[in-house]
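Peer 1: Predicted model and sequence follow; I will ask about them next.
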Amino acid sequence: MTISLNEAVELVTLEADLLDHDGFREWLDLYVPDGLYIVPIDPNAATFEGVLNYAYDDAHMREKRVERLLGGRSISAAPPARTVRMLGRYRMLEASDETCVLRCAMTLTELRQHRLREYAANITYTLIKTNTGLKIQNKIIKLLNSTENLTAISYIL
Amino acid sequence: MSGQTDPRAFLGPDRADGTIYNDPALYEMEMERIFMRNWIWVAHRSDLPEAGDFITTFVGAHPVIVSRDRKGAVHVMLNRCRHRAATVCELSKGRTSSFVCPYHGWAYGLDGALRALPQPAGYGDLLNKSELPLVGLRVEEYAGLIFATFDPEAPSLDEWLGAARPWIDLFMKQGAGWPVKTMGEHRFTFPGNWKIQLENTTDAYHFPIVHKSFLDSVDRETQDTFDFVEGSGFVEDLGNGHSVMVMIPELVDLEADLDAPIPERFQDLADALLKDYAPEQVRRIVRAVGGSGFNLNLFPNLACSMAFFRVLRPLGVHETEIRHIAIGMDGGPESGNQARLRLHEHFQGPMGFGTPDDAEAWDRVQRGSVAGRDISILLNRGLAHEEAGPDGRLRSDVSAETGMRAAYRQWLASLEAGPGPSLPAQTGSCSHKAAGERV
Ligand code: FES
Ligand SMILES: [Fe+2]
């Protein structure tokens, strides 16, 4: 059966909730082993391997990123920023029995050291059916201000 | 303003006062006397490879266009229309044959010459186009690094870079025989004074502390490579505020020691490259991909920092922009360049495993520096065993603050050199005045 919008939204909402509530270990399990977590700089880039990104994480790098957040040895992430994110404006761009592409909007508010910051992003998920349920094949987070001057983002978008 | 500000009051030979990061009048003086008089890095040759290519950037607070004209010459021009001052170009980069001001349509060539304007009859004979080019700065290039200055009396770039030049040559060996090219950048700001960043690229002392979480994320071999604070590296004052900090002596000359074993983390890359390249060239590429073992600090705004360019720009007393520009092999193997990009992403930028921790430390320096009165920032590490070599250049151990002392000596020399009498006349205001008299 074709993957439904509801199934897809359920997964990405779970991801958002885990990331806002320090569920980083469980977050890792939402991805397939060859999945990618990408935060591009160039909003028009269609492929990301050959260009500079903010993050281009395979399973190994995702694992390292989580260890960094939980390890308490990074001064910019000890304690990590607190975040609240809202997803919405869901649209299924493609869907089949096996896989689907979901695009949505995210706004995220961050609090760290008395500073509140806001981010907005377009997110494109490619999701894939596996034996253990629907998983994330890749997640591409296009920050609205990706080509502007940013400040440290020591958490997972 | 600068009449009352005495830069000496902020600095001793081995210490600075905390107000050096906080004084608004001092900041104004720095912007005039350092960022308008020293050579400021503006671009790498590969940012504008072809005729007609341009980028927009800044020299200190001044927006500029860097362009390559038909004959291949590079121009650095104020991004300011000679009519009523509108910026003539707001694209960050592109290719063009002219710059047309969007306000009233004055059109300038790639060399800044005013070529045409709408309805010229409205000026009668009041206006001589040849007197109203975009105001040009002096431009010189060394090894692909393009610098500009407002100061007609500044020494030549060669002279200014001096003893730093051989280190630039070594740094460019990261092209593995191909020219070096830029490959994108991470750009971010931190709420602090620019000199906090200036100090950081010649500060090996912080590495094992601030970058613990980065070191946790790499393999054992890489951890050993980065365990340099008690190693045989050194910092050397190269004159004119420049300095080099050698962290990994084995990686100073990337073309030496090609027989050294390939680090395990690059073994897959090396194996893949063997399909297309001879073993000797593979070793050369792999060593280049790993980056250089030193940071070369070029006063005031560029560091050739291990494997990337670090460029700083003061935005205000308490706001600084930093760019970490990735570099690679222009014409070299895609797989090698991709490996470099992934290494850059791993450490650098707002989501890297290194930069955010650096930024947090700088942020704290800024916040702490306003506490109390008359409390020194210490710059004396490594002074006890600092020695002048046969060439007279001061040298100390790798975690010494020799490079900071060198930068601050030039900082003071620049500020004490004064505003300089010839500055306004030579930078195009001369023709400005002529136009002013006639219009
Ligand atoms: S301000 Fe540029 S043409 Fe008038
Ligand atoms: Fe650092």
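Peer 2: Looks like it came in fine. Ligands and ions are numbered 1, 2, ... in the order given.

Peer 1: Now do the contacts for residue B:8.
Peer 2: Counting by CB atoms under 8 Å, 6 or more residues apart in numbering or on different chains, residue B:8 makes contact with B:412, B:416. Glycine gets a C-beta too; all of them are placed from N, C-alpha and C.

Peer 1: wait, isn't residue B:412 in contact with residue B:11?
Peer 2: Yes: Residue B:412 is within contact range of residue B:11, at 5.8 Å (criterion: CB atoms under 8 Å).

Peer 1: For stretch A:29-37, which outside residues touch it?
Peer 2: By CB under 8 Å, 6+ apart, stretch A:29-37 touches A:11, A:14-15, A:18, A:48, A:55-59, A:61-62, A:128, A:130, A:135-139, A:156.

Peer 1: Of those, which belong to helices?
Peer 2: A:11, A:14-15, A:18, A:59, A:61-62 (DSSP state H).

Peer 1: ok, and the most crowded of the residues you listed?
Peer 2: residue A:15 (22 neighbours; other CB atoms under 10 Å in any protein chain shown).

Peer 1: List the residues that contact that residue.
Peer 2: Taking CB under 8 Å, 6+ apart, one finds A:27, A:30, A:136, A:139 in contact with residue A:15.

Peer 1: Neighbours of residue A:94, how many?
Peer 2: 11.

Peer 1: For it, what is the enclosing helix or strand?
Peer 2: strand A:82-95 (DSSP states H and E).

Peer 1: which element follows that strand toward the C-terminus?
Peer 2: In N-to-C order, the element after strand A:82-95 by DSSP H and E is strand A:99-112.

Peer 1: Next, the angle strand A:82-95 makes with that next one.
Peer 2: If you take axes from the mean of the first three to the mean of the last three CA atoms, to 10 degrees, strand A:99-112 sits at 170 degrees to strand A:82-95.

Peer 1: who in chain B is up against chain A?
Peer 2: B:92, B:183-190, B:210, B:212-213, B:216-217, B:321, B:326, B:334, B:337-338, B:341-342, B:344-346, B:349-351, B:353, B:355-357, B:359-361 (CB under 8 Å from any CB of the partner chain).

Peer 1: filter these to the buried ones?
Peer 2: B:183-190, B:210, B:212-213, B:217, B:321, B:326, B:337-338, B:341-342, B:344-346, B:349-351, B:353, B:355-357, B:359-361 (16 or more other CB atoms under 10 Å in any protein chain shown).

Peer 1: Find the nearest non-adjacent residue to residue 20, please.
Peer 2: Assuming you mean chain A. Nearest residue to residue A:20 in three dimensions, chain neighbours excluded: residue A:83, at 5.4 Å (CB to CB, 6 or more residues apart in numbering or on different chains).

Peer 1: you looked at the wrong chain, it should be chain B
Peer 2: residue B:10 (4.3 Å).

Peer 1: Residue B:205: how many residues sit nearby?
Peer 2: 16.

Peer 1: Verify the stated contact: it with residue B:399.
Peer 2: Yes: with contact defined as CB under 8 Å, residue B:205 counts as touching residue B:399 (4.2 Å).

Peer 1: Overlap of the contact sets of these two?
Peer 2: B:229, B:381.

Peer 1: about what we covered before: mind listing what's buried along the strand holding residue A:94?
Peer 2: A:83, A:85, A:87, A:90, A:92, A:95.

Peer 1: ok, of the residues you listed, which one's closest to residue A:152?
Peer 2: Nearest to residue A:152 out of the buried residues of strand A:82-95 is residue A:83 (CB to CB; 13.5 Å).

Peer 1: and the closest one, what does it touch?
Peer 2: A:19-20, A:108-111, A:155.

Peer 1: what about stretch B:115-130 and ligand 1, touching?
Peer 2: No: judged by CB under 6 Å from any ligand atom, stretch B:115-130 stays clear of ligand 1, getting no closer than 7.0 Å.

Peer 1: Just the terminal-to-terminal distance for that stretch.
Peer 2: Length of stretch B:115-130, first residue to last, CA to CA, to the nearest Å: 9 Å.

Peer 1: what do you get for stretch B:293-302?
Peer 2: End-to-end distance (CA to CA), stretch B:293-302: 17 Å.

Peer 1: Likewise for stretch B:77-87?
Peer 2: 11 Å.

Peer 1: Say whether ligand 1 is contacted by that stretch.
Peer 2: Yes: if you take CB under 6 Å from any ligand atom as the test, stretch B:77-87 does meet ligand 1, through B:81, B:83-84, B:86.

Peer 1: want to throw these into CSV with neighbour count?
Peer 2: Shown next, in CSV, are those (neighbours: other CB atoms under 10 Å in any protein chain shown):
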residue, neighbour count
B:81, 23
B:83, 16
B:84, 10
B:86, 14
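
Peer 1: Tabulate those residues (TSV), appending distance to residue B:195.
Peer 2: Formatted as TSV, the residues of stretch B:77-87 next to ligand 1 follow (distance: CB to CB, whole Å):
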residue	distance to residue B:195
B:81	33
B:83	37
B:84	36
B:86	33
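
Peer 1: which pair in those residues spans the largest distance?
Peer 2: B:83 and B:86 (7.6 Å).

Peer 1: Identify the contacts common to these two.
Peer 2: Joint contacts of residue B:83 and residue B:86 (CB under 8 Å, 6+ apart) are B:101, B:103.

Peer 1: can you list the residues that contact stretch A:123-138?
Peer 2: With CB under 8 Å, 6+ apart as the criterion, stretch A:123-138 contacts A:3, A:7-8, A:11-12, A:15, A:30-32, A:34-38, A:87, A:93, A:97-106, A:139-142.

Peer 1: List only those of these flagged as buried.
Peer 2: A:3, A:7-8, A:11-12, A:15, A:30-32, A:35-38, A:87, A:100-104, A:106, A:139-142.
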